[in-house]
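> Here is my input, please return the structure:
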Amino acid sequence: CPRAREMQQPLPPYQVLPAEVSMDDLPRSTTVVMEEQPQPPEPPRDHLVWSLFTTVYGNFCCLGLLAFVFSVKSRDRKVLGDYSGALSYGSTAKYLNITALVINIVIVIIVVTVVAVVISRNMPPHSYGSYGPYGPY
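Numbering: from 1, shown residues only. Purely as a prediction, here's the structure:
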């Protein structure tokens, strides 16, 4: 309503409302439009605990130590509010942890296999008596 827009100018409290303005023409309620504040992005993960365990228990070629360094850098960036930097450092720490974990699993499988083969070759043959391994002769 154009007349209502003209009336939105602030009036001093001591002035009387003009006679040509009717109270029926003025809005009886006020609508307040509030914009939604954007939600802050969820802080990225820094994988610090995972990197600490990788450093202590599976530090193959210092991958765990590198993952720990990147995790600390990610946490520092997160504290400073640089979420893109924290996300970058955090994902690097994650990939270093995954690489160290896969290498450690492969090493454990190789060691268990080699130990099993060595033990099985060094065991003396069993004496089966009159029976062989597949029954009587």
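> elements contacting the host helix or strand of residue 110?
Using DSSP states H and E, the secondary-structure element containing residue 110 is helix 83-122. Helices and strands in packing contact with helix 83-122 are listed as helix 48-57, helix 63-80; criterion 3 or more CB pairs under 8 Å, 6 or more residues apart in numbering; DSSP states H and E. Where you see a C-beta, it was placed from the backbone N, CA and C, and this is true even at glycine.
> can you tell which of those helices is closest to residue 38?
The closest of those to residue 38 is helix 63-80. By CB to CB, the value is 18.4 Å.
> which helices and strands sit right next to the closest one?
For helix 63-80, the contact count by 3+ CB pairs under 8 Å, 6+ apart identifies helix 48-57, helix 83-122 as packing neighbours.
> That one vs helix 83-122, what angle?
Between the axes of helix 63-80 and helix 83-122, defined by axes from the mean of the first three to the mean of the last three CA atoms, to 10 degrees, the angle is 160 degrees.
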